[in-house]
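Novice: take a look and give me a structure for this.
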Amino acid sequence: MSSSDIRQEREPAAAQAPTSTFVSGVFPRRRGLIVGLSALVGFLLTVVWSAKFVDSTIGDSIADTMLGHTAKGAEIGGIAGGIAFAFVTGLAGTFTACNVAVFGAMTPILGTTATRWGRVRATLRPLLWLSVGMTAVSATYGAIVGLVGTSMPQFSTAKNVAGSLSGRSIQSMIVFGLIGLAMVYLGLAALGIVRDPFAKLSQRFPNATMVFMGALVGGFLIGRPFGLFRQLFRDAAESGNALYGAAAFTLQSLGNILIMAVLLLVTSAVLGGRLGRWFAADGRRMAIVTASALIAAGVFTFLYWDVRLLAGRGILPWYPLAPWT
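Specialist: Take a look at the predicted model:
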């Protein structure tokens, strides 16, 4: 094989100008393999993921420690108590697969700026735009809950029954199913397999993709069955106060991303230069990292909330599960 043949083999399969935040325009070869492996990771996560461990062992323990008392089932105690409860339980629900994936997909934005402060500023800007999208959704949903929440499916305390789906479960399936499919599509767009949905919009609004990602994070609250969040939901619904609902749900979302945002900023300050040079050395790496994180998370979200949930209710005959789940 000649040296020219080797160079051609190493070149990316396709290239174009960047169209939005996560679509670099340089696409790797073997994109089908990347999709397949990422989807396999997402599927395997559904097999081993223990909601009890994440929600109770981690989430409840963090909330109990920060509040100084057992959070589950406790009286929230007015608006001030609700605001504190919202932020603390948001922190307690940090380490969900969806949050990790959203911020994993943001790794390429760490930047190549030479100075640490420059890298931090370059990372902080998209984080702020993500917060805009997240706040818009969580505040709107919180206000709705404050007004009409007692008649919404998430207000119900009815136990799930085998062979049927409660209103809460249906709501979770719809919301997380759509979020999962959206993540998969964005991952495919990062590989150039499908059209970038933000290509035209980003010409006028360069941060449109980050606002949309924030909206997905805010949307977690619409489907989230996390016990402590449902406790907050019921308190906001019973208050009849739209402003309280909006403020509490916004703080819940902000608490939910705070740790991941700080970790991303620290990574930018400490390792951002090296990562930036690593991405710059081969443009395909950005597409691979971004697409892999989004596809794995999207497949996990869809399978976990729409397929594994149906199997758990006895509606589907079987789904593979690890013994500890």
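Novice: help me confirm that residue 153 comes into contact with residue 173.
Specialist: No: counting by C-beta atoms under 8 Å, residue 153 stays clear of residue 173, with 11.1 Å between them. Every C-beta, even on glycine, is put in place using the N, C-alpha and C of the backbone.
Novice: who has more neighbours out of those two?
Specialist: residue 173 (18 against 13; other C-beta atoms under 10 Å).
Novice: can you confirm that one is in a helix?
Specialist: Yes: per DSSP: H, G, I helix; E, B strand; the rest coil, residue 173 lies within a helix segment.
Novice: what about the nearest residue in space to it that is not next to it in sequence, neighbour count?
Specialist: Nearest non-adjacent residue to residue 173, counting by C-beta to C-beta, 6 or more residues apart in numbering: residue 306, 5.2 Å away. Using other C-beta under 10 Å, residue 306 is surrounded by 17 other residues.
Novice: might you report the residue contacts of residue 306?
Specialist: By C-beta atoms under 8 Å, 6 or more residues apart in numbering, the contact list for residue 306 reads 173, 176, 177, 180.
Novice: next: residue 161.
Specialist: No contacts exist for residue 161 under C-beta under 8 Å, 6+ apart.
Novice: could you redo the last one with a cut-off of 10 Å?
Specialist: Residues in contact with residue 161 (C-beta atoms under 10 Å, 6 or more residues apart in numbering) are 313, 314.
Novice: does it sit in a helix, a strand or a coil?
Specialist: On the basis of three-state DSSP, residue 161 is classed as coil.
Novice: over to it: give its phi and psi.
Specialist: phi -110, psi 130 (degrees, to the nearest 10).
Novice: same question for the one 3 residues further on.
Specialist: In terms of degrees, to the nearest 10, the main-chain angles of residue 164 are phi -140, psi 170.
Novice: the closest residue to it other than its chain neighbours: neighbour count?
Specialist: Among residues not flanking residue 164 along the chain, residue 313 sits closest, at 6.9 Å (C-beta to C-beta, 6+ apart). By other C-beta under 10 Å, 16 other residues sit near residue 313.
Novice: the one 10 residues further on now?
Specialist: One way to gauge burial is a neighbour count; for residue 323, by other C-beta under 10 Å, it gives 5.
Novice: and if you look at residue 157?
Specialist: Residue 157: 7 neighbours (other C-beta under 10 Å).
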